[in-house]
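K.L.:
only geometry, no sequence info:
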Ligand SMILES: Cc1ncc(C[n+]2csc(CCOP(=O)(O)OP(=O)(O)O)c2C)c(N)n1
Ligand SMILES: Cc1ncc(C[n+]2csc(CCOP(=O)(O)OP(=O)(O)O)c2C)c(N)n1
Ligand SMILES: [Mg+2]
Ligand SMILES: [Mg+2]
C-alpha cells in the first residue's frame, strides 16, 4: 500500500501487466519517446522497447482498427487515444467493428482490446478539447466502459480490463492524473461492474463517477455541516452498470442526485436516473436530480468554463432544495 | 393535399426548396445518377444538373466536412449519408465541428447544414447496417435533430430545416420510405420542436418517434379492444425536444411508455423518461416504461432480428402490465 | 483503359503450378461461380434475404490470390466475400447455411452474407463498412510480426474504398511498420453505380502505393494465373519482412452491385465485352490447349461441383434456425 | 534533408514586390514574432491559459502565402494560427484579447488561442482537431465555385496531418472537383515529439500530390519570398479554374509544441542550425543588401511593431470579461 497518483497507478498497472503477459503492448500518439501526452506511459519505452511501446502516426482510425486486428490475432493491445475528443475519428472502428464483431461472427472471435483515453474539461482547452463522451460508449452494446475516479481503481480496473476478453473503453480524466491516493502494491484487481460506496449516509444518495466523485464528496462534506447526511456512490463502470448498489442506497435515502460531467441532455445520468426509477420508484420521495454540464460547447474563458461545468456547490444547492 | 409516400414527400420538399433557393444543393453517395440508394433524390439530377446534385466518392468525413465549409461559405448544403451507420465515419465533422463552430467562434459564423440519413433495422442487413443512432446526436449541443415519422412531417420538417440557420441531423427510417400519407402540396412547413398528438387517450401516454410511432398506433388500436385508451405522441424532433406536450399528456394519464428503436440502454428514451419524471413526478402512478431494441448488435437471422427489435406486441404487453 | 498486364508472370505461373493445383484452381473458380448463381436463385425464391452481393466474374482474383497463400495466412474481405471465403477453404454448405440464416451457418446465422467468418480457416471476416477491413488487416499483420511468426495477411477491398481515409491510414501504417500485408484492390470499375473515374482523381489505383514507397502493380483480374503470380511475389516479399504491397486487380462483376440492383448504369456493350473475358472460360481454354487437359476431366469437375452446390442448398434448407432464446448469446465473452 | 529550393521563384518575387509591399511583409513577420514572444511572456505570467501553440520561426510561411492572396480569399488554419490570423489582417489587439479570454477577443473569448475567427477578414478559423480544417477548406472552395466567384481558399496544416484520412479524402475531392484550394503543409519536422519520418513512410510530403494528379512542390519555408512565389503560382492556377495544389513549406518552430513542451526531443545543435536560418533575419538582410533599404527604416518598423504589441497587451488586459449570463449565448442561431 503506497500513496501514489492516478497517473502513477496507471503506469504501475501497465508495467505489471506487461511483465505478466507478453501479449500486452501499448500503442498510440506520443506514448513512447514522449512518455504520453499526460505522461501515463512514462518510462515504459526504456523498459519494454519499441516493439511493445509503439509511437503511432496521427491516425486515430487505423490506430484503433489495428488494435482490433491485433486483438483478433491473439494479442492484448492497449490503444491510447490522446484524448477522447479524437476518439470520434475512430468511433467507426469502436462501435461498428470492435463492439459488434463477436456477435456478428456468431461468437467465433473476440476482441480483447483496451482503449485508454482521458476526457474532461477544466483547463480552458476550448470546445474541441474538453468533452466527456462516456454517453456514446455507454450506448454501444458489446463494449465495456470503465471510468475510474481513484488511483486504486485506476490500477485495479485497468489490470482487470487486461484480463478479460471483451473490448473496453477505459475513460480517464485529465484532472485526475495528479490526484493521489492509497494504492495496493502488486496484484490488485477491481472486479468489473461493482460500484463503490465512498461515503455512507441516510438522507440523499449522490451517484457519480470519474472526477465528479470528488465534487460529490466535497458536497457531502459541506452538506454535513447543514445536517444533511449524504451517501456517495462511485459507479466505477458504466457497462456493466451496477445499478443494484445504487437502488439499495436509494431505498434507504429516498432521494437521488446523479452527477456527471457529460452534457446533461442525453448523458449517462439520464440512463442512471431512468434505471433508478424503474427499480425504486416507490421508494423515491422526489424526482432524481441531475447535476451535469450545460448543454453547450465548453467555453475557453475561465469564468464561462466554470459556469458551464457541474460543481460541488451545484450539488449542495440541489441537495438542499430536495430536503 | 395528395396521398404520397414518405420518399416522395422528401423528394417533393427537395424540389420545392431547390426551386425556392438557389443556394440549396445536395451531395452524397449515389444521389445523382443512381437517384439515391433509397431513391429519395430520384429525378433531381435531370432537373437541377450536376452542380446542384453531386455524386461524391465514398468519403463520409469529407462529404460532411465539405458540407460544413459550404454552409460557412453561404450555401445551404444538404448532405445525404447513405445510412446512419456510416455517419460514424463523419461524426468528428458533425460533433467536433458543425455543432461547435458557432459557439467556439463567438457567434461569428453559422453552419446551416442539413445532413439527411436513413436509419433503422428490419431488413436483415446485419449488425453493421441496422443501427438507430439518434441518441448520439441528441447528446450533442449545437445540433438540431429531426426524426419524422409521417410523409407530411418528412416534407414539412425538411423544408423547415432548410430555412433555419443551425446544423440539422435529419434522421429518416429505411422502413418508412414507402409508407403513404396525406401531404399538403406546396408550402407546408412543420415548425421545429413541436410534438404531435397522433391519438388522444386518457389511460396511458405512449411517446415515440420515427417508425416506432406506427408500432405505437397499432398497439393503441389493440389496447382499445382491451378497453385501454392510449394517447400516442410523435415527438417529431429530439432537439429541440417538446417535452411540454408529453408532460401535459402524462399529467392526464398518469402513465407513460417511451418507445424507440435505438438500444434501450443510453438511448433517447432514457432522456425522455428522465424529463418526464423531472416535470411530472407527482402525476405518475407508475414508473415510465421503455420499450426499445435489446442491448446487442442486430442479428441477421429473421427471427432473431425480430426478437431484438421493439414491436407493437411488446408495447401492448407493457401497457397491460401497467393497468 | 489499357491494362498494363504482365503476361510473363502468368506464363510462369502456368508452368509452376502442377496439374493437381491447376485443376484445384479451376474447381474453386467453378465452385464459386455455381455457388453465386445458386445464391441468386435462392434469393429470388426468398430463401436468402437482406443484402446479397455476388462475386460472379471476379473469381480469378480471390482464387488466384488465395492460391498464392498458405493455409495459415490470414484473409480479410468485404461484404462481397463469398468467393474469398470459399477460396480460403470454406464448405459451400456452411456459407449457404449462413445466407439462409441458419445455426449451422459459418457465422451461426448471426452475420449473413456480409459477415462470414472462420478462424480455423483464417478467414477473418467480411466487413460491410467500406474500408473497414483495412485497419483490421494492418492489425493482424502487426500481431504476426509481434509474435515473430511467418503468416501474412491478404486484404481484399474494392475500388470504392480508395477515397476512404481508412485506406490511406492503413497503407501508411503498414508501410511505416513494414507489416506483412498484401492489399488487393478489386477494381471492377464501379462502386455501386459510380464509375471509378467519378470517385477518384486517379484511375490507375496501384499508383497510390508510390508515395508510401511500397510496390504497386496492376494485374488483369480476369486472369487467375496473373493474379496468382503477382500475389506470390507480394506474399514472398511480405513473408521475408520486406513489408506490404498494393495490387490492383482489374476485374468486373457480372451482376449488379447487390441482388436489388438493376444495373441501369452499365451499357450492354460494356457488359458483353467483359463477359467474353470470363475468367473461368479463360482458364478452361488454357487448360485444354496449353496444359493438355481433356474435356472429360473438366466436365467431371463441373459435375462434382454441381453436386456440392446442390448438397449445400439441401443442407442449408434442412438446417435448424438459431434458437430464439439464444438471441443475445455472443454479445460478450464474459 | 536536402531542400529542393526554387531560388528563381524567390528572386522573381523579390523583384515583383515593390518596396511598400516588401516592407509590409517585413512588418507582418516582425509583428507575428513579437506577438508570439509577448504571448509566451503573458502565458508565464498566467494572463493566458489553456493551450498556446506559438508560430515563432514559421512566420515566412503564413506571411509569404497570405501576401500572395487577395483580401477576399479564404484562409483556414490549425490551432497554431496566431500568425495566419495576423497575416490575414487581424489586429494584434483582437488576437491578444482572445488569448486573454476577453469579450473583445476576436472570438469573444469563447474560442481562445486555438479558435481564432473573423469572417470579415475571411479568416475562417483555427481548428484543433488535426486534419479537421481540410474538409472544411474543400467545402469553402466548393461554395466559391458554386457561386462562380473568384476567391480561392488557402488551407494550412502541419506535417502531422498527412497520416490522417481527412487529408486524403480532402485532396481527392478537391482534385476530383477541381476546387480552388491551395493546400499548404507546414513541415516543421515534428508532430509534437514525433519526427515526421516516424509518422509517414514518405518524407517528401509534396509527393502525395502526384497520385491525385495535382501539382505538388516543396519550398523553403524559411524564405518568405520563395513561399510567396510558390503560392502566387498555385493561387493563380486555382483562380483560373485549374484546381488545387499541394505546397510543402519546410520550416521549423523555434519553440516547443505548446507552452508546456520542454522540447526534450530536439538536439541543441539542430535548433541552432535552424535559428541561424531565421526567416526574419533572412529577409532583413535581403532588404538591406539587395533592395537598398536602410537600417533606420527597418528599425522604425520594429519600434512601431513594439508599440502595437504593447498596446495589444494593454487592450487585452483592460478589456472586460464576457458576462456570466451570456455563457450559453451563441450555441444556436435560432
Ligand atoms: C462507409 C460506407 N459507406 C457507404 C457504404 C454503402 N456501400 C456499400 S458497397 C458500396 C460500394 C463499394 O464499391 P467498391 O468498394 O468498389 O466494392 P464493390 O462493391 O465494387 O465490390 C457502397 C457505397 C458502406 N457500406 N460503407
Ligand atoms: C485528431 C487529433 N489527434 C491528436 C491531436 C493532438 N495533437 C495536437 S497537435 C498534434 C501534433 C500535430 O503536429 P503537426 O500537424 O505537424 O502540426 P504542428 O504542431 O507541428 O504545427 C497532436 C498529435 C489532435 N489535436 N487532433
Ligand atoms: Mg468496385
Ligand atoms: Mg509539425
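P.N.:
Arrived safely, thanks for sending. Since the model is a prediction, treat every value here as computed from it, not as a measurement. Ligands and ions are numbered 1, 2, ... in the order given.

K.L.:
and residue A:27, what are its bridge partners?
P.N.:
For residue A:27, the beta-bridge partners are residue A:54, residue A:79 (DSSP bridges).

K.L.:
next, count neighbours for residue C:265.
P.N.:
Residue C:265 has 16 neighbours, counted by other C-beta atoms under 10 Å in any protein chain shown. Yep, even glycine has a C-beta here, placed from its N, CA and C like the rest.

K.L.:
what's residue A:284 sitting at in phi/psi?
P.N.:
Main-chain torsions, residue A:284, degrees, to the nearest 10: phi -90, psi 130.

K.L.:
now it, nearest residue through space, not along the chain?
P.N.:
Nearest residue to residue A:284, sequence neighbours excluded (C-beta to C-beta, 6 or more residues apart in numbering or on different chains): residue A:254, at 6.1 Å.

K.L.:
pretty sure the one you found sits against residue A:285.
P.N.:
Yes: taking contacts as C-beta atoms under 8 Å, residue A:254 lies within contact range of residue A:285: 4.5 Å.

K.L.:
can you name the residue of the stretch 101-250 of chain A nearest to chain D?
P.N.:
residue A:124 (3.5 Å; C-beta to the nearest C-beta).

K.L.:
now that residue, what are its backbone angles?
P.N.:
phi 50, psi 50.

K.L.:
quick revisit: which one of residue A:254 and residue A:285 is surrounded by more residues?
P.N.:
residue A:254 (17 against 10).

K.L.:
distance-wise, check the more buried one relative to residue D:228.
P.N.:
Residue A:254 sits 72 Å away from residue D:228, going by C-beta to C-beta, to the nearest Å.

K.L.:
over to residue C:315?
P.N.:
72 Å.

K.L.:
do the longest helix seen in chain C and ligand 1 come into contact?
P.N.:
In chain C, with assignment by DSSP state H, the single longest helix is helix C:19-44. No: counting by C-beta under 6 Å from any ligand atom, ligand 1 is not contacted by helix C:19-44; separation bottoms out at 13.0 Å.

K.L.:
quick check: what element follows that helix along the chain?
P.N.:
Using DSSP states H and E, the helix or strand that follows helix C:19-44 towards the C-terminus is helix C:59-67.

K.L.:
could I get the average pLDDT for that next one?
P.N.:
Mean pLDDT, helix C:59-67: 98.

K.L.:
just how off-centre is it within its chain?
P.N.:
Distance of helix C:59-67 from the chain centroid (C-alpha atoms, centre = their mean, to the nearest Å) equals 7 Å.

K.L.:
pull the contacting residues for residue 161.
P.N.:
Picked chain A for this. A:114, A:144, A:146, A:168, A:170, A:192 (C-beta atoms under 8 Å, 6 or more residues apart in numbering or on different chains).

K.L.:
sorry, should have said chain C
P.N.:
Counting by C-beta under 8 Å, 6+ apart, residue C:161 touches B:58, C:78, C:130, C:131, C:134, C:167, C:185.

K.L.:
tell me the confidence at the nearest residue to residue A:220 once chain neighbours are set aside?
P.N.:
Spatially, and ignoring its direct neighbours in sequence, residue A:220 is nearest to residue A:230 (4.1 Å; C-beta to C-beta, 6+ apart). Looking at residue A:230, its pLDDT reads 98.

K.L.:
run a quick neighbour tally on the residue lying closest to residue A:29 once chain neighbours are set aside.
P.N.:
In this structure, residue A:29 finds its nearest non-sequential neighbour in residue A:82, 5.1 Å apart by C-beta to C-beta, 6+ apart. Counted with other C-beta under 10 Å, the neighbours of residue A:82 add up to 22.

K.L.:
tell me who's in contact with residue A:82.
P.N.:
With contacts defined as C-beta under 8 Å, 6+ apart, residue A:82 is in contact with A:28, A:29, A:30, A:37, A:117.

K.L.:
state the pLDDT value of residue 85.
P.N.:
In the absence of a named chain, this looks at chain A. 98.

K.L.:
my question was about chain C
P.N.:
Reported pLDDT for residue C:85: 98.

K.L.:
that older thread, which residues touch the residue nearest to residue A:220?
P.N.:
A:199, A:201, A:203, A:204, A:205, A:206, A:216, A:219, A:220, A:223, A:224, A:319 are the contacts of residue A:230 under C-beta under 8 Å, 6+ apart.

K.L.:
what kind of secondary structure is residue A:281 in?
P.N.:
helix (DSSP: H, G, I helix; E, B strand; the rest coil).

K.L.:
find the nearest non-adjacent residue to it, please.
P.N.:
Nearest to residue A:281 is residue B:287, by C-beta to C-beta, 6+ apart, at 4.1 Å.

K.L.:
just residue A:28 next, same as before
P.N.:
residue A:80 (3.2 Å).

K.L.:
and residue A:74, by the same measure?
P.N.:
Here the residue nearest residue A:74, using C-beta to C-beta, 6+ apart, is residue C:143, at 6.0 Å.

K.L.:
which of the three states applies to that neighbour?
P.N.:
helix.

K.L.:
what about it, how many neighbours?
P.N.:
25.

K.L.:
got it, and residue C:301?
P.N.:
Neighbourhood size, residue C:301 [other C-beta under 10 Å]: 18.

K.L.:
for ligand 2, see how far away it is.
P.N.:
Separation of residue C:301 from ligand 2 (C-beta to the nearest ligand atom, to the nearest Å): 53 Å.

K.L.:
residue A:73 now?
P.N.:
25 Å.

K.L.:
next one: that residue from chain B, what distance?
P.N.:
Distance of residue A:73 to chain B, given as C-beta to the nearest C-beta, to the nearest Å: 21 Å.

K.L.:
wait, isn't that residue in contact with residue C:136?
P.N.:
No: look at residue A:73 against residue C:136 with C-beta under 8 Å: they stay out of range, at 9.5 Å.

K.L.:
higher neighbour count, those two?
P.N.:
residue C:136 (34 against 25).

K.L.:
three-state assignment of whichever residue of the stretch 1-150 of chain C sits closest to chain D?
P.N.:
Across the stretch 1-150 of chain C, the shortest distance to chain D (C-beta to the nearest C-beta) belongs to residue C:131, at 8.7 Å. At residue C:131 the chain is in coil, as set by three-state DSSP.

K.L.:
for it, what are its contacts?
P.N.:
B:58, C:157, C:161, C:164, C:165, C:166, C:167.

K.L.:
dihedrals phi and psi, the third one?
P.N.:
Pointing back at residue C:161 there. With angles defined as degrees, to the nearest 10, residue C:161 sits at phi -80, psi -20.

K.L.:
so for it, what's the nearest residue that isn't a sequence neighbour?
P.N.:
residue C:131 (4.4 Å).

K.L.:
can you pull the pLDDT of that neighbour?
P.N.:
98.
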